[in-house]
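> Requesting a structural model of the entry that follows:
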Amino acid sequence: MIFANLERLPPDPILGVTAAFRADPSPDRIDLGVGVYRDERGETPVPVAVRAAERALLDAQRTKTYVGPAGNVEFNERLFAMALGPLARELAPRTATIQTVGGCGALRLGAEIVRASEPDAVVHVSDPTWANHEPLLGTCGLRLARYPYYDAATHGVDYGRMREHLAGLPEGSVVLLHACCHNPTGADLDRTQWLDLAGLLESRRLVPFIDLAYQGFGDDLESDVAGLRLVAERVPQLLLAMSCSKNFGLYRERTGALAVVTARPEVAAAVATHQARTGRRMYSMPPDHGAAIVARLLGDDALRAAWTTELSAMVGRMKSLRALLADRLSARRPDRDWSWVTRHRGMFSLTGLDEAGVAALRSRHHVYVPPDGRINFAGVSDANVDRVADGLVDALG
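Predicted structure coming up:
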């Protein structure tokens, strides 16, 4: 029997939290695990401007034929321009961009391109990093290593140790960086650190692989890519994985892109052929619907302005929820420093909960978080914030 030797695998650490949450009969259960934005009703909305762009697209669409391995060209160009701003035009001649199956597809396709070019390359990821980074990159055959990033004691970036480690890497090493809203920690590099890091990457001839999953979800569309642009100004080559799941609300449409900036136009042309062939061999053609929506929205000034306003409201909500929870935590434990709650950016932060604390939070308070103690602030609300604060204070001890 061909499948009889397969053993049942454990659930994904994050998706397993959602399954456990759903199985809990308690009316007071709270899910702070799943990595999606939620509004005040606990729903994950599609922005009004995105829905308007979708309606316009459907009204105008006359065919569902293939768009080609590179995907929607307008989408590729406009998403890259949104990420790089004025730099995009300068970098375009030596950049190969391909539409991918979400940000995950961009990461995996980027790893495949790195491996095709340098089979012995090592990709260095932050410690900690998003739970799916290492599986996505490592299962294509690339070797992985970790660099110091997070200081649990201060809930901040340990840039000194990070810099010292990266400065010792051999030339050609690939360094995976979170552009903003670091997942799972919530702790981002500041502008001074990004500027220094850009110089280090350049001088050591390291290759940045930047994951841009949350543009606009930290502060705003421009501030969130300031570090990326500082790096792009200095280094001759980089990989950029872009996702439209969070900021456009297109989670299930699997909408993303991979841009590979090279040293010369002829190298970009060669990379483009490898992108197309690799994509063809992995999934043939990328899904068009989400990309077509984004391309239409970014090409319409009115829709883009309306979407930017909606995105700003989402960010404002997350910051207000951080402030709300920080206030409740400080009231319960004024002897502790909770400033990291409002200092962090994006939906996530590491709380410092260990395995026992995570279990206690679940069993005693029906609050569900992943095994690493990461919480999603979008799951906090006016109605549950006191229960969340009580649970965290109890579980942290």
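
> longest helix in the chain, by residue count?
Taking DSSP state H as the criterion, the chain has its longest helix at helix 301-332.

> what helices or strands is that helix leaning on?
Counting by 3 or more Cβ pairs under 8 Å, 6 or more residues apart in numbering; DSSP states H and E, the packing neighbours recorded for helix 301-332 are helix 48-60, helix 289-298, helix 339-343, helix 385-396. Using the backbone N, CA and C atoms, a C-beta is placed for each residue, glycine as well.

> Buried ones in the helix or strand following the first one, by neighbour count?
Sequence-wise, the next helix or strand downstream of helix 48-60 (DSSP states H and E) is helix 73-84. Residues of helix 73-84 classed as buried by neighbour count (16 or more other Cβ atoms under 10 Å): Phe75, Asn76, Glu77, Arg78, Leu79, Phe80, Met82, Ala83, Leu84.

> Could you report the pLDDT at the second one?
Same thing as Asn76. Reported pLDDT at Asn76 in the predicted model: 98.

> Excluding residues flanking it in the chain, which one is nearest it?
Leaving aside its chain neighbours, Asn76 sits nearest to Thr97 (4.2 Å; criterion: Cβ to Cβ, 6 or more residues apart in numbering).

> Backbone dihedrals for the one you found, both of them.
phi -120, psi 140 (degrees, to the nearest 10).

> repeat for Phe348
Dihedral angles (degrees, to the nearest 10) for Phe348: phi -110, psi 150.

> Provide the count of other residues in contact range of it.
By other Cβ atoms under 10 Å, the residues close to Phe348 number 24.

> right, and it touches Gly373 too?
No: assessed by Cβ atoms under 8 Å, Phe348 is found out of contact with Gly373, at 10.6 Å.

> what sits against the closest residue in space to Leu177 that isn't next to it in sequence?
Distance criterion Cβ to Cβ, 6+ apart; nearest residue to Leu177, sequence neighbours excluded, is Ile210 at 5.0 Å. Residues in contact with Ile210, defined by Cβ atoms under 8 Å, 6 or more residues apart in numbering, are Leu176, Leu177, His178, Ala179, Leu228, Val231, Leu238, Leu239, Leu240, Ala241.

> got the buried residues for the one helix or strand the fifth one maps to?
For Leu228, the enclosing helix or strand under DSSP H and E is helix 226-234. Judged by neighbour count (16+ other Cβ under 10 Å), helix 226-234 contains these buried residues: Ala226, Gly227, Leu228, Arg229, Leu230, Val231, Ala232, Arg234.

> Skip the chain neighbours and tell me the closest residue to the second one.
The shortest distance from Gly227 to any residue other than its chain neighbours is 3.6 Å, reached at Trp194 (Cβ to Cβ, 6+ apart).

> doesn't Leu230 make contact with the one you found?
Yes: here Trp194 reaches Leu230: they are 5.0 Å apart, a contact under Cβ under 8 Å.

> who touches both of the two?
Residues touching both Trp194 and Leu230 (Cβ under 8 Å, 6+ apart): there are none.

> coming back round to it: which residues sit in contact with the residue nearest to Gly227?
By Cβ under 8 Å, 6+ apart, the residues touching Trp194 are Ala226, Gly227, Leu230, Val231.

> now Tyr149
Each residue near Tyr149 by Cβ under 8 Å, 6+ apart is listed here: Ser126, Asp127, Pro128, Thr129, Val157, Asp158, Met162, His182, Thr185.

> Model confidence for Leu15, exactly?
We have a pLDDT of 76 for Leu15.

> pLDDT on stretch 380-390, on average?
96.

> how far does that stretch stretch from start to finish?
End-to-end distance of stretch 380-390: 13 Å, with Cα to Cα, to the nearest Å as the criterion.

> Could you report the neighbour count for Gly141?
10.

> Disregarding residues adjacent in the polypeptide, which is nearest to it?
Closest to Gly141 by Cβ to Cβ, 6+ apart is Arg115, at 5.6 Å.

> so which helix or strand takes in that neighbour?
Per DSSP H and E: helix 102-117 holds Arg115.

> Mind giving me the packing neighbours of the next helix or strand after that helix?
Where DSSP H and E defines the elements, the next helix or strand beyond helix 102-117 is strand 122-127. The contact analysis (3+ Cβ pairs under 8 Å, 6+ apart) places strand 122-127 against helix 133-138, strand 143-148, strand 174-178.

> hmm, who's touching the second one?
Under the criterion Cβ under 8 Å, 6+ apart, residues 120-127, 129, 134, 137-138, 158, 161-162, 165-166, 175 lie in contact with strand 143-148.

> Val122 reaches Leu142, doesn't it?
Yes: taking contacts as Cβ under 8 Å, Val122 lies within contact range of Leu142: 7.3 Å.

> Which one's more surrounded, the two?
Shown here are Val122 and Leu142; by other Cβ under 10 Å, Leu142 has more neighbours (19 against 16).

> Just list the residues touching the more buried one, thanks.
By Cβ under 8 Å, 6+ apart, the contact set of Leu142 is Ala111, Val114, Arg115, Ala121, Val122, Val123.

> Which of the helices and strands packed on strand 122-127 has the highest mean neighbour count?
Most buried of the helices and strands packed on strand 122-127 by mean neighbour count (mean count of other Cβ atoms under 10 Å) is strand 174-178; its value is a mean of 25.

> The very next helix or strand once past it relative to helix 226-234, how many degrees between them?
Using DSSP H and E, the helix or strand that directly follows strand 174-178 along the chain is helix 191-203. Orientation note: helix 191-203 sits at an angle of 30 degrees relative to helix 226-234 (axes from the mean of the first three to the mean of the last three Cα atoms, to 10 degrees).
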